[in-house]
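Participant: got a structure for you, letters missing:
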């Protein structure tokens, strides 16, 4: 048979999450989550506090091991990799933590250079050159390089965290609540930097966020996770998967209530919970 009639192979997704369950003690946090992320896509994961968004992010990079199911990164099952191989794969990730997670005892320059010094064999002059380049990329002046994190504003610390995440030229960027605690203008600065990162680098991005402005402005695709404790037996935990502009026309009232910031029946449920505790 001629190869010209062969069915074209679908490209392997960069991230492949299959039937992932995560339980801490008696508490189920993730239940049967299945999700694939193609290369180059920017995915936003939304959902209320405590629904498992950050746990999913940490499971994707192997910081949390699922009780059931598996995660593949670029075709490799993370659970089957030894520590050395897993470390090699993690160098391909860039992680921007919710509170920047900078080392307080190190200067900004030392924080940004830290991954290079841990995982690369660059010369001191090359490291210095890369640090200044990444700081400039996130809009920070060279003068901050000798400052400590405590001397910076919240927005500046977030940008230092982004510079550090980019220093190894990662293939996958993960952002955990990148705009939390910032004013609207600085939040939009971070959104613009995430867009610039996507446009300037060949990168796939996953963003955990409560900020609907971020989801609409930065993401190509949005998924919404619902707390396991509020699901019916057998009901999927991912209750929305689509383009950002489809959120407002979604037929699921839970999605609409979250997107619009409406309490809905939640206040009644909370009042009932407190009443039951008083009995």
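Facilitator: In hand now; what should we look at? Keep in mind that this is a model prediction, so the values were computed, not measured. Numbering: from 1, shown residues only.
Participant: alpha carbons only for contacts and neighbour counts from here, please
Facilitator: Will do.
Participant: now the strands for the stretch 101-250 of the chain?
Facilitator: 172-176, 204-208, 221-225, 238-242 (DSSP state E, counting those that start in this stretch).
Participant: so what strands line up beside the third one?
Facilitator: Going back to what we said before, that points to strand 221-225. Partners of strand 221-225 in the sheet, by DSSP bridges, are strand 42-46 (parallel), strand 238-242 (antiparallel).
Participant: deepest of the ones you listed, which one?
Facilitator: strand 42-46 (a mean of 26; mean count of other C-alpha atoms under 10 Å).
Participant: picking up where we left off before, to residue 167, which of the strands paired with strand 221-225 lies closest?
Facilitator: Taking C-alpha to C-alpha, strand 42-46 is the member of the strands paired with strand 221-225 nearest to residue 167, at 19.4 Å.
Participant: between the closest one and strand 204-208, how big is the angle?
Facilitator: 10 degrees (axes from the mean of the first three to the mean of the last three C-alpha atoms, to 10 degrees).
Participant: what sits up against strand 42-46?
Facilitator: 37, 53, 204-210, 215, 218-225 (C-alpha atoms under 8 Å, 6 or more residues apart in numbering).
Participant: then stretch 81-94?
Facilitator: So stretch 81-94 is in contact with 61-62, 78, 119, 165-166, 168-174, going by C-alpha under 8 Å, 6+ apart.
Participant: picking that back up, out of the strands of the stretch 101-250 of the chain, nearest to residue 20?
Facilitator: strand 238-242 (11.8 Å).
Participant: any idea which helix or strand comes after the closest one?
Facilitator: Sequence-wise, the next helix or strand downstream of strand 238-242 (DSSP states H and E) is helix 253-260.
Participant: in that next one, what's buried?
Facilitator: By 16 or more other C-alpha atoms under 10 Å, the buried positions in helix 253-260 come out as 254-256, 258-259.
Participant: ok, so of the residues you listed, who is nearest residue 155?
Facilitator: Using C-alpha to C-alpha, these come closest to residue 155 at residue 259, 24.7 Å.
Participant: tell me the one of the buried residues of helix 253-260 nearest residue 194?
Facilitator: residue 259 (21.2 Å).
Participant: and that closest one, how far is that from residue 103?
Facilitator: 35 Å (C-alpha to C-alpha, to the nearest Å).
Participant: likewise for residue 227?
Facilitator: From residue 227 to residue 103 the distance is 32 Å (C-alpha to C-alpha).
Participant: those two: which is more packed in?
Facilitator: More crowded of residue 227 and residue 103, by other C-alpha atoms under 10 Å: residue 227, with 19 against 15.
Participant: give me the low-pLDDT residue ranges for the stretch 1-150 of the chain?
Facilitator: 1-10 (pLDDT under 70).
Participant: helices of that one, residue ranges please.
Facilitator: 53-60, 83-90, 108-119, 124-137 (DSSP state H, counting those that start in this stretch).
Participant: and these as a markdown table, adding mean neighbour count?
Facilitator: A markdown table is the format used below for the helices of the stretch 1-150 of the chain (neighbours: other C-alpha atoms under 10 Å):
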| stretch | mean neighbour count |
| --- | --- |
| helix 53-60 | 21 |
| helix 83-90 | 14 |
| helix 108-119 | 20 |
| helix 124-137 | 17 |
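Participant: ok so, going back, the strands of the stretch 101-250 of the chain: which one's closest to residue 148?
Facilitator: Between those, strand 172-176 lies closest to residue 148; by C-alpha to C-alpha that is 22.3 Å.
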